[in-house]
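In: pasting the sequence and the predicted coordinates here, then a few questions.
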Amino acid sequence: MLRTFFKSDVPHVLRIEQMVNVVPWTEETFMQCFRAGYVGWVMEVDKKVIGFIIIAMQGQECHILNVGVARDHQRQGIGRTLLEQVLSHAKKEGISIAYLEVRRSNSKAISLYRNMSFRPVGERKDYYPTVAGHEDALVFAKSL
Ligand SMILES: CC(C)(COP(=O)(O)OP(=O)(O)OC[C@H]1O[C@@H](n2cnc3c(N)ncnc32)[C@H](O)[C@@H]1OP(=O)(O)O)[C@@H](O)C(=O)NCCC(=O)NCCS
């Protein structure tokens, strides 16, 4: 079941984030998103959160801030479903473009975005921390 991401989901989402991200967001980062009024959705199976997405909408733009799917539920279409939800919500809200950053090395996510007709529009040098230093971000966008 796809539903709104509530504050009370943060501990469960954090477990996924720590499982799948090289340099995971902290609890405080998720809480800041709520304070900033950002919105998100989670995918729940048997009352267990197995995926999440969080976005910021401003003006004509939707910025996809984070998305993750628990490792043992990956490659089952959940990432795509979460993104489709965001795109349809943003479109209803009159947003004209969705964009996101992704680590240059993150081939799974890049493949997902390309597969959903996001197109590369730029790069941000040394945008992400890594265990050993920094890594570039690729910026992808999709017109709605
Ligand atoms: C990226 C991520 C969210 C994808 O979620 P998912 O539920 O596994 O993705 P889906 O099953 O919906 O896959 C949709 C498409 O993505 C691409 N894809 C997903 N996993 C892939 C993999 N392991 N290898 C290659 N392509 C992959 C494929 O194009 C796939 O379509 P297909 O199955 O028809 O070939 C998931 O791998 C994840 O949580 N990764 C760690 C966190 C992360 O990198 N987040 C993105 C930050 S920018």
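Out: Nice, I can see it.
In: you'd agree residue 125 is in a helix?
Out: No. Under DSSP: H, G, I helix; E, B strand; the rest coil, residue 125 sits outside any helix and is assigned strand.
In: my guess is it contacts residue 136. True?
Out: Yes. With contacts counted by CB atoms under 8 Å, residue 125 reaches residue 136, the gap being 5.6 Å. Where C-beta positions appear, they are placed from N, C-alpha and C, glycine not excepted.
In: of these two, who's got more company?
Out: Ranked by neighbour count (other CB atoms under 10 Å), residue 125 and residue 136 place residue 136 first, with 15 against 8.
In: wait, a strand at the more buried one?
Out: Yes. Assessed with three-state DSSP, residue 136 lies in a strand.
In: quick check: the residue of this protein nearest the ligand.
Out: Closest residue of the chain to the ligand, CB to the nearest ligand atom: residue 79 (2.4 Å).
In: for that residue, grab the count of nearby residues.
Out: Neighbour count for residue 79, taken as other CB under 10 Å: 23.
In: which ones are touching it?
Out: Counting by CB atoms under 8 Å, 6 or more residues apart in numbering, residue 79 makes contact with 51, 67, 69, 109, 112.
In: how about a cut-off of 7 Å?
Out: 67, 69, 112 (CB atoms under 7 Å, 6 or more residues apart in numbering).
In: any chance of those in CSV, with neighbour count, secondary structure and distance to residue 40 too?
Out: Output for those, formatted as CSV (neighbours: other CB atoms under 10 Å; DSSP: H, G, I helix; E, B strand; the rest coil; distance: CB to CB, whole Å):
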residue, neighbour count, secondary structure, distance to residue 40
67, 23, strand, 9
69, 25, strand, 14
112, 19, helix, 17
